[in-house]
Each structure stands twice: as C-alpha cells, then as structure tokens.
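# I'll drop the sequence and a predicted model, then ask my questions.
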Amino acid sequence: MARTNLSATRIKPETAELLTLRVLRRERISPHFARVTLGGGEIDRFAPMGFDQWFRLVIPVSDTSLTWKPKKFNALALARYLTMAKATRPVLRNYSVRAYRPDGPTGPELDVDFVLHGSVADGTAGPAATWAQTCAEGDVVAILDEGIGFNPRSSLRRVLLVADESGLPAVAGVLASLPPDTRGTAVIEVPSTEDRQALSAPAGVEVRWLVRDGGTPGQAALAHARRMPLPDEPFYGWVVGESGLAVALRRHWVNAGVPKGDIMFCGYWKAGRAH
C-alpha cells in the first residue's frame, strides 16, 4: 500500500492466522473485473467483519511456496518472505472481501474481485490479475486477515465515500454493512460503463458512478469530490484507491475543517508503479 492512516484506524481481527483455501470458481464479471470465489480448506476459521475487511492474499508459485506461514504480517515476516528464492516465493498482494456467504452450496464462500489491466496473452497483466484469469477449481491459496479500516465515531451517521476501481470491492462492502439510517454519498470511478455493479446500500446513501474518460485513475473522482459541497453536519470521510486520490482528497477535507480523526484514507496503489 501507499500512504495511509490505516494503522491508526484499523480494527484488527480477534485472531490472525494464515488460512489455506481453494478456488471454487472464477468468472469474468465485466471488462475490467474478474471474480474468484474461495472456499473449502480452512474457510470455517475465517471470521467475517463486514465493511472494508481486507487480507493478504498468498498465491503459491511452487509446491513449497506455502512453507512461508506467518502468524501476523510484520517486519520479521516480510524479511523471511524476501529471503525466499524467487522460484518459490509466493505472490503477495492485498485484497478486500467483496462478499462472504456462510451458506454456499458446499459451505462458506468468499468472493475476491480483481481489477484487470494489461493482457495475459502478451504478459502485460500483473501476476495476481494473471492468476485470477487462469486459476482452476481446486487451486490452493492462502489468506491472512487484517481486519477493517472503516471505523467512524459511533455518533456519526453521515458518510462520504470515494474510490476508484481498485477500491470498488471495499466500498461495496462498506455500503452493504452500513446501518440502515446512514445518510451520505458514495462516489465510485470505473474505467467503463460496463464495470458498474449492483450494490446494496442504505436508502439514504446516494451512489454516484463516474466513468473515466482517459487520464490517471482516481483523478475524476478527486475532481468530483472537490466540487461537492461538504455536509453542514459532522461526517465520516473514507477515500481509497490510487495514492494521489487518497492523499489529495484527505488534504482537501482537512483544509475544509474536517477533523483528521473523522477521515480514513488509504492509497492502495501508486500510478506509474507495477501493482
């Protein structure tokens, strides 16, 4: 991740351990999104928390990749990961829980949505996106739960949520978990009209879709959010996605007088760097 205040706002899971799961199915859900559904294995030990719950996804590249089994992701775990031979070192990425179902056909299921950029055919897709489009039923992965970042004061019932496509799974989880009396706005930027998704949200929360017409991801959402008049009552601001979006909008809100403690921002990735 890029710049964030997630460490200050995060609600950690009660227990964190590397859980081994299997691929149940995969599907292409829109031009720029693939969904992989995980289950089986140790899924019964996964504790859903809702909102923007996220985890470390560990994708093995060899039969010995999952010998790396940290109980938590800290400097020591990262050092051990980096000392692994590249031929066996698993792919490690951060993802949000798009949906969790305790009663799937064969047991609990966890959906993970992947943003697709580049092409598998010509090698321009990243390793996680490539895996999402080529994995097969039964393939093994591991996840390490990291909890949630959405953590407003209990008295706040108004929200302003902003994300680009990389934050769409997280904002979908937040919207589905909000109390029914919540009011506010969610601004979501996507690459194409077909990438819009059906979302569950309280009746008082307006969802605004922005379809990007070129340019750096997140900048359309940033421009839109800057133009929006801020509520005349306290609200919780939550912005995730490309680092420039998250950092700039957080600065805009702070300059407008929003208390820093009422803002959660996280740069999931940075334009110009592989992710």
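Noted; the coordinates are in hand.
# Show the contacting residues for Ile148.
By CB atoms under 8 Å, 6 or more residues apart in numbering, Ile148 lies in contact with 10-11, 49-54. Where C-beta positions appear, they are placed from N, C-alpha and C, glycine not excepted.
# Buried subset of those, written for PyMOL?
Applying 16 or more other CB atoms under 10 Å to the contacts of Ile148, the buried members can be selected in PyMOL as follows:
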select buried, resi 10+49+51+52+53+54
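# and which of the contacts of Ile148 is nearest to Ala220?
Nearest to Ala220 among the contacts of Ile148: Asp52, at 21.2 Å, using CB to CB.
# how much space is there between the closest one and Trp209?
19 Å (CB to CB, to the nearest Å).
# correct me, but Phe55 touches Arg93?
No. Phe55 is beyond contact range of Arg93, at 9.8 Å (criterion: CB atoms under 8 Å).
# Tell me where the stretch 1-150 of the chain has strands.
Remark: strands assigned in the stretch 1-150 of the chain by DSSP state E, counting those that start in this stretch are 18-30, 33-39, 54-59, 91-96, 99-104, 107-115, 140-147.
# For Gly218, find the nearest of those strands.
Distance to Gly218, taken as CB to CB, is lowest for strand 107-115 among these, at 12.3 Å.
# So for stretch 66-78, first residue to last residue, what's the gap.
14 Å (CA to CA, to the nearest Å).
# list the contacts for Leu57?
Going by CB under 8 Å, 6+ apart, Leu57 touches 91-95, 112, 128, 141-143.
# hmm, 7 Å instead?
93, 95, 141, 143 (CB atoms under 7 Å, 6 or more residues apart in numbering).
# Repeat that for Gln197.
Counting by CB under 7 Å, 6+ apart, Gln197 has contacts 168, 172.
# Quick one: neighbours of Val254, just the number.
Applying other CB atoms under 10 Å, we find 15 other residues in the vicinity of Val254.
# got it, and Pro191?
20.
# circling back to that earlier point, could the strands of the stretch 1-150 of the chain be laid out in JSON lines, adding mean pLDDT?
Below are the strands of the stretch 1-150 of the chain laid out as JSON lines (pLDDT from 0 to 100):
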{"stretch": "strand 18-30", "mean pLDDT": "97"}
{"stretch": "strand 33-39", "mean pLDDT": "98"}
{"stretch": "strand 54-59", "mean pLDDT": "96"}
{"stretch": "strand 91-96", "mean pLDDT": "96"}
{"stretch": "strand 99-104", "mean pLDDT": "96"}
{"stretch": "strand 107-115", "mean pLDDT": "97"}
{"stretch": "strand 140-147", "mean pLDDT": "96"}
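# Dump these to JSON lines, plus distance to Pro70.
Below are those laid out as JSON lines (distance: least, CB to CB, whole Å):
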{"stretch": "strand 18-30", "distance to Pro70": "6"}
{"stretch": "strand 33-39", "distance to Pro70": "19"}
{"stretch": "strand 54-59", "distance to Pro70": "9"}
{"stretch": "strand 91-96", "distance to Pro70": "10"}
{"stretch": "strand 99-104", "distance to Pro70": "23"}
{"stretch": "strand 107-115", "distance to Pro70": "20"}
{"stretch": "strand 140-147", "distance to Pro70": "7"}
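# Quick one: closest of those to Gly173.
Closest among the strands of the stretch 1-150 of the chain, using CB to CB: strand 91-96, at 6.2 Å.
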